[in-house]
Structures are given as structure tokens and as C-alpha cells.
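A.B. asks: I'll drop the sequence and a predicted model, then ask my questions.
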Amino acid sequence: MITGNTARRAFYVVIAIISLALMGVCANRWISARPPETSLDVELQTKGVIMSAVYKVYGKPQFQNQWVGRSIVRNTGTEPVKNMKIAYKIVKYCDWSNSPVSPLVIPGQTVVNCFYPIISDECTQLTSATPTKLLVKVTYIDNAGREQTIEKDARIEFRGRNEFLFTDLDYARDIVENFADFHMNDPLLAAWVTKDDPVVEQFVGIAQQVAGGAAAAASDEHALKLMDAAWKLLAYNGISYQTPSAETSGFSMIQHVKYPRDVLKNKSGTCIDLAITYAALLQSAGIESLLVNIPGHCFPAFRLPSGNLVGVEATALRGPGSAATFEDALKRGTQELASLKPGEFTIVDIQKIREAGITEPQLPELPADVLKAWGIRNPFDQQEEKSEKRAERSAPGTQEEAAPASTGGRGMARLSHPQGIFTLMVPDNWQAATSADGSMIGAQDPAGRAGVDVTLFADRFYQPNELPYVTQQVYSNFAKNLQSLNTLRCVGTSLGGNTAIRTDVTFNYQGKPSRGSFIVSIQNGKIIVLTTRADAGAYTAFESILNSIIASYRGGTP
Amino acid sequence: MKKASYILFALLVTACFCPVAGAVDTSQIQTINTREDIAIRPNGDLDYAATMTYNVNEYNRIKGQNVNPYRLVRDVRFMGEGICRDTKVTSDDAQNSYQIKSIISGPIKNMGNHWDAQMAPGYDFVSLSGDTMAFTCAFDLGAGYKIQGKAYVKTPPGSTGLSWDPEKRTIRYRLPYSGRGAMERLYPTLTVLFGIVFIISALAAVRTRPRENMRL
């Protein structure tokens, strides 16, 4: 018989056993639970190689894949961290970057942060591979309210300004299986097409003279005439093809690629060098240029005003007397273009890629007469000299003179300041005018749809380092008419050997929407503003003329 | 510098499976249909699944080129503020499609009192239903390719205030961080509590022992 006492005892025993078991479970969980801790795991990734030539591209976040460094920060602790900041530095080439803030990083969360550095243009001085360090500093507030810092670094290497890395892929760990893989970085070749390099612009100016001032964008005929003239000028100056050399860096191929100025200086280039040079010359003249890469070769192609594509085999330049005719090179290039094999080519559309933001590097400034120093000859030099002698014999003042004989089409005439402060070439049928005090000189086409004006400010002596300020003042004077500034072109450049800032603009001229360029320069303490303009609708037709005017501009000493 | 990071990357994915630009007759536009399903985890990671369906000729052509599907894994390595892991790529000959699954970390930003997810250009908001947002997308890839499809983004369980900011093209939701689990904080207390219950019940059991036993 079970008594009440025994039943109570059994109940208490059961309760004791259950509570003992639960206490054990809770104690076990308590002991095995991780103590509160704050812990961040920081991984710094780099691509290893930076191409100096495209240093501007790395600073543009729209090129998402072109990061220089990437931090992967994982909260591996049990507590959240607050106000996490990530800052980067590239020793010598980029100071500490602004730090983005993550207000809260919870346990288990991963933050991925890319570094798109504004790199100093000092790197364009590099001619060979130069190692440096990428530093990252992660700061955060831990659970106890203390600021903590984690620092990491990694080795990176700047390649010389001429070195082009074909692909970011690494043969050792990546699948590199076809032509596109190997040519992953081809769009970056657009940075080598330095159409705004004053050296290129000067050379194009000469080519324009040879072509008789052909407005390249006006028609296929005019474009081909200018292409022919540029070809003849290159051949005349002995530019010729040379066999390429390449090296491997780790498991990727690097090639030394010359800028057009290097080709003009050395008078030789590989297929890719010559393609880039020829493309830069014609892009500068307003003809849309492309680079076509096929296995083991590169050649330039051009979109004519009608929209037709033609190719040019630039390696047909074989030195004085040995170069193929332009017609032959055109025929060969166009045949190559027609026989592209699917999957075995890439096309670099220079204009589109530049519009997307891949721009040319800031190359060292060169003297105004550097083309002469390099032995680049103008077949019309003798006639130009005769023109200048005639100019000297005539009375001072604004003059229009006979243009050098051209291969056909429109001739060019010299427009000079009365005191010889500048000269430039304008089409000989343009009407020139000058203000009474000589501070403003202009010329425009008979229909008034395009023109050039040069304004001289000589009210005081201006220092060269005042240029940005002066430029701002000039723009603010014109501000009511300005509609937009193309800041991509708003860079320091050399014009006639003087420091200058060129900006492409759209603006209203006498109530009409117009396009053109402002070039502001300081020469011998005087400000000279050169303005080219054309009606918005007629701009394409006049673009090459305006470019040739700019290319022919020469500042002088009174 | 503030940079957009996108949670969808159909463009990248599709680009991996397109031939080199210009390799096809551009007069015949090839349309690739996509469906993307994205589930956001409480820690901001994404469970990403995409299906890309080609027309039969194009699918056979791509298969014929023996494109290695794991090129995707390679190319994603260079993607901006997003890293992928556990990526799987499969193909379905019956449906002329490729499937991609991956876990992506990084694109969702924890802003402290809410989370932000920015959508890539080309995605248009369609509707919001419960914890899921629907989008349509259309990209012209050039070289004769375009993609069009649908994308569904599902926020984590317990999230609130799901909204779409059309100007910033951002999905926003709230999921306050609750810290360590409530049970985890209670274990010490429960241990002590059960210990007290054990002692009391043990003492009670001893006091209620039968007399005969006590005589022994």
C-alpha cells in the first residue's frame, strides 16, 4: 500500500531529478556559449599590376572591375561593431583616401569595399616596373566603446607608362581559354590614342595642309583625302614598321606600346604602335577611329561620314620609298576587316570608349617645335617660308595671304596679329576682321556658320600659375552664353609651347546654339583666348577645319 | 568615395555566355530570357539563383563552343563590391537554359537603422507583395544580343518597412539587430533557478522519507 508520504517523496524525487537534468543542460549551454567578443577579419585583395598609362581609369568607380584594392571585412565576433571606416593609401602615388563609414556591422555580416584611387600623374614618368605598397586601415568602435584599428598592406607594381597588360587573368589560377580572355584589357588601349597630344595635333595640322584643308567629317571623299594625306606624311617622314617584342609578367603578357609621339620621334612602331598613331591622327581630325585586334596583329579602322567602315594596314609603312601607297594599305585593311573570324577579334571604338571615360594620360610637356627637332618635315615648308617672306614685305596689320599650294580643295591663309603675337591658318575664303585697338581678331566662313576669334588681354602682366583662375574668369564672363562644359577636355595642355587650358563647350553665339572650344593661354604675361565655334548643326562639317586651325596656332614673341 | 554596388548582375552573367562582340550577325537580335531570384539573409548575404534561357539554335551554338560555365566564377572575381562563394553552374538541355546559384556577400549595406540594396540600371520596379519585390529587366548588350527578364527580391524573415526609392533605385527595409539570443542570456539564470529547485525538492524528498527506513 502506498502511503501519502511515499507519494509525496516520489514526487519530490522526480522534481529533483528533472531540475538536476535541466540545470545540467543550462549549465552546459552557459559554459559552452562564447563569451562576448568583438572580432573583425580583414582581407586585402589587389590586382598586383597597375598600368601607369590608364591611371585615370582606376579613379573612376563607374569602371567597377578596375579596382586597385578590395577589402573584405567579416564580423567573426559575437558583438556588432560601429562606425567602421576603411581608408587606403598607395605609397608615393596616392594619399589616404576618404573613409566610407559603415554605421553598423553585425556578427556574420560581410562588408566588401573597393578602392578606386585618384593616382598622381607622377606615375606617367615611370618607364619600367616599379613596386610600391598598398595600405589599408580599418577603424571601428568595439562593443566596449573603444576605437580599434586594423592595418594591412600588400605589394603592388606600377608598370611603365608604355606597358600594356593584355589581360588581368592569371594563367596559373584562371581559366584562360579564348581570344577574348587574352584580350580582356583591349578597351584600355584607347588611352594610348592620344588625339589631344599637342604633338599629334601639330602633325594633323600639317596633314590638313597637305590635304588642302579637307573637312574630314564632311564626306567620305574628304575623309579619305585626309587619310591619304596623313599616310603620305607618315611615309614621307620615314615612319616604318618594326618587329614587336613582348614579355610576360607572372602569367600575363605585357607589351611595350608606344604613344603616337614616341612613334613620330623614333620613326618606327609595331603593328599596334602604328595602328594607334594613325588612329590618333585621324581621330584628332574628326574621323571616328577604331583599333581591330586579331590574333598576333592589330590594325586601325575608320568609320567614314557615311557610316561605312574601312580598314588600313598600317604595317605597310616601310620607310622612305618603301611604303605601300595609301590605296594599297586601304585595300588590304578593308579586306582584313571583311575577313574577321567570329570569336577571334576585338574592336576598340575610340570615340565610344573615350566618352565612357577612358581618357589619355597627362604626358610630359614638350617644346613647341619638337616635331622639327625630331626631323619631322613638312613637304610644304618651302612654300610656307615663301609665304612668310611675302608677309614680312607687306605692311603690318591683319593679313590674309595666299595659302600654300594644296593637293586640291580649299586653301589655307595665314591670319596674324598686327604685333606678331600669334599666327594661325584659316580657310582662304573666310572673311577676317580686326578691332580698332587690335585686341580682337576673328575670321568666319562666308555663310557665318563657323568662325574663330582670338582675344588678347594685356591690361597687366599675368603669371603662368594664374591660368586656372584666369580661365575661371573668362568662363564667368561668357557664362550667360555657355550651355555646357565638357570637363573631360578641361585640362592643362600645351598650345604653341605655352601653358594653356582647352575646354570643349556648347554655347549660344549671337542667339544660335553653337559648339566649339575655348583655349585660354598665358603668353609673355598676356592672356590670349582662342575661340573656335560652329553652329550646332554645322559643327560636324566644320570640326576638322576648327581642329586644323587650333593645330596651326603659333604663339610668338612681339 | 561612394560607389554604387548592385545586387543583380545578369549583365555580367549573360556576358559570360555571349560570344565576343561582333561575332554574330547584328541584324538578328538574340534575346536571352532571364529569371533571377534573390533571397536576402538576415546578415545581408544573398542567396542568388538565375536561369537564362536561350533559343534552341543559340543554346546549341554556345554548347557547341564548349564554353566553360565556370568562367563565371572567374569573372565574378573582378566584380566590384560583391564576392561570391559556393557558385554552381548547370545547364538544362531540355529547357535550353543555364542555371546559376551562388551566395553573394557585400552588396547589401547595413545603414544602422535600416538596410539598403541598390538595383542595377536596367531593372524596373513592378510590384511589392508582402516581403517580395518584383522587377523587370532589359539590357541591350550590343553585338546582336539583348536580355530581358524578371527578378524577385525577397527580404529576410522579420523585416519590416520594405520600400522602393525610385530616385536612388534602392530597396530599403528594416531589420533591427537584436543582439545575442534571449535564451543565450537566460542560461545562467536558468541554471541557478533549476539548481534551487533541485535543492528544495531534494531536501523535501529527504524530509518525507518513510519511518521504517529512518529506523534502519
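C.D. replies: The structure has been received and is ready for your questions. Numbering: from 1, shown residues only, chains lettered A, B, ... in the order given.
A.B. asks: can you list the buried residues in the helix or strand in which A:Glu221 is found?
C.D. replies: Using DSSP states H and E, A:Glu221 maps to helix A:220-236. For helix A:220-236, the neighbour count (16 or more other C-beta atoms under 10 Å in any protein chain shown) marks A:222-236 as buried. For the C-beta atoms, the positions are set from N, CA and C on the backbone; glycine is no exception.
A.B. asks: quick check: phi and psi at B:Thr136.
C.D. replies: Dihedral pair for B:Thr136: phi -110, psi 150, per degrees, to the nearest 10.
A.B. asks: that one pairs with what?
C.D. replies: Assessed by DSSP bridges, B:Thr136 has beta-bridge partners B:Asp124, B:Lys150.
A.B. asks: number of residues surrounding it?
C.D. replies: As a burial measure, B:Thr136 scores 13 neighbours (other C-beta atoms under 10 Å in any protein chain shown).
A.B. asks: my guess is B:Leu193 is in a helix, correct?
C.D. replies: Yes: counting by DSSP: H, G, I helix; E, B strand; the rest coil, B:Leu193 is found in a helix.
A.B. asks: just give me the neighbour total for it.
C.D. replies: Neighbour count of B:Leu193, defined by other C-beta under 10 Å: 15.
A.B. asks: kindly report the same for A:Glu365.
C.D. replies: A:Glu365, neighbours per other C-beta under 10 Å, totals 13.
A.B. asks: tell me who's in contact with the residue lying closest to B:Asn33 once chain neighbours are set aside.
C.D. replies: Once flanking residues are discounted, B:Asn33 sits nearest to B:Thr53: 4.5 Å by C-beta to C-beta, 6 or more residues apart in numbering or on different chains. Residues near B:Thr53 by C-beta atoms under 8 Å, 6 or more residues apart in numbering or on different chains: B:32-34, B:95-97.
A.B. asks: which of these sits closest to A:Val81?
C.D. replies: B:Thr34 (36.8 Å; C-beta to C-beta).
A.B. asks: can you count the residues close to that closest one?
C.D. replies: The number of residues packed near B:Thr34 is 24, by other C-beta under 10 Å.
A.B. asks: from A:Gln419, how far out is the residue nearest to B:Asn33?
C.D. replies: As for B:Thr53, its distance to A:Gln419 is 74 Å (criterion: C-beta to C-beta, to the nearest Å).
A.B. asks: coming back round to it: which residues touch the helix holding A:Glu221?
C.D. replies: Helix A:220-236 has contacts (C-beta under 8 Å, 6+ apart) with A:203-204, A:206-208, A:210-212, A:214-217, A:277-278, A:281-282, A:285, A:287, A:302, A:304-306, A:308, A:312, A:317, A:320, A:323, A:326, A:329-330, A:377, A:379, A:407-409, A:544.
A.B. asks: give the next helix or strand downstream of that helix.
C.D. replies: The helix or strand immediately downstream of helix A:220-236 is strand A:240-241, counting by DSSP H and E.
A.B. asks: the helix of greatest length in chain A near chain B anywhere?
C.D. replies: Longest helix in chain A, counting residues (DSSP state H): helix A:4-32. Yes: contact between helix A:4-32 and chain B, assessed by C-beta under 8 Å from any C-beta of the partner chain, occurs at A:5-6, A:8-9, A:12-13, A:15-16, A:19-20, A:22-23, A:26-27, A:29-30.
A.B. asks: which of those are buried?
C.D. replies: Among those, the ones that count as buried by 16+ other C-beta under 10 Å are A:9, A:12-13, A:15-16, A:19-20, A:22-23, A:26-27, A:29-30.
A.B. asks: would you mind measuring from whatever residue of the stretch 201-350 of chain A ends up closest to chain B to A:Ala129?
C.D. replies: Per C-beta to the nearest C-beta, A:Pro342 is where the stretch 201-350 of chain A lies closest to chain B, at 3.8 Å. From A:Pro342 across to A:Ala129, the span is 36 Å (C-beta to C-beta).
A.B. asks: and for A:Glu543?
C.D. replies: Taking C-beta to C-beta, one finds A:Glu543 at 40 Å from A:Ala129.
A.B. asks: neighbour count winner among those two?
C.D. replies: Neighbour count, other C-beta under 10 Å: between A:Glu543 and A:Ala129, A:Glu543 has more, with 22 against 15.
A.B. asks: any idea which helix or strand comes after the helix or strand of chain B with the lowest mean pLDDT?
C.D. replies: When the helices and strands of chain B are scored by mean pLDDT, DSSP states H and E, helix B:10-16 comes last with a mean of 41. Sequence-wise, the next helix or strand downstream of helix B:10-16 (DSSP H and E) is strand B:30-40.
A.B. asks: give me the most central residue, chain A.
C.D. replies: The C-alpha lying nearest the average C-alpha coordinate of chain A belongs to A:Thr359 (C-alpha atoms, centre = their mean; 1.1 Å).
A.B. asks: buried subset of the contacts of B:Thr53?
C.D. replies: B:32, B:34, B:96-97.
A.B. asks: quick check: the farthest pair among the residues you listed?
C.D. replies: Across the buried ones among the contacts of B:Thr53 (C-beta to C-beta), the longest gap, 12.9 Å, separates B:Thr34 and B:Asn96.
A.B. asks: closest to B:Ser159 among the buried residues of helix A:220-236?
C.D. replies: The closest of the buried residues of helix A:220-236 to B:Ser159 turns out to be A:Ala223 (C-beta to C-beta; 59.5 Å).
A.B. asks: pLDDT value on the closest one, please?
C.D. replies: Looking at A:Ala223, its pLDDT reads 89.
A.B. asks: count of neighbours near the residue lying closest to it once chain neighbours are set aside?
C.D. replies: Closest residue to A:Ala223 apart from its sequence neighbours, by C-beta to C-beta, 6+ apart: A:Ala216 at 4.7 Å. A:Ala216: 33 surrounding residues under other C-beta under 10 Å.
A.B. asks: pLDDT score for A:Ala216?
C.D. replies: Per-residue pLDDT puts A:Ala216 at 73.
A.B. asks: how is it assigned, secondary-structure-wise?
C.D. replies: Per three-state DSSP, the secondary structure class of A:Ala216 is coil.
A.B. asks: might one say that it is in contact with A:Ser284?
C.D. replies: No: counting by C-beta atoms under 8 Å, A:Ala216 stays clear of A:Ser284, with 9.9 Å between them.
A.B. asks: show me the shaky parts of the stretch 51-200 of chain A.
C.D. replies: A:170-177 (pLDDT under 70).
A.B. asks: all strands for it, in order.
C.D. replies: Assigned by DSSP state E, counting those that start in this stretch, the strands in the stretch 51-200 of chain A fall at A:69-75, A:81-90, A:101-105, A:110-115, A:130-141, A:147-159, A:163-165.
A.B. asks: buried residues, the longest one. List them.
C.D. replies: Applying a neighbour-count criterion of 16+ other C-beta under 10 Å, one finds A:150, A:156, A:158-159 buried in strand A:147-159.
A.B. asks: what angle do that strand and strand A:130-141 make?
C.D. replies: Angle, strand A:147-159 to strand A:130-141, by axes from the mean of the first three to the mean of the last three C-alpha atoms, to 10 degrees: 160 degrees.
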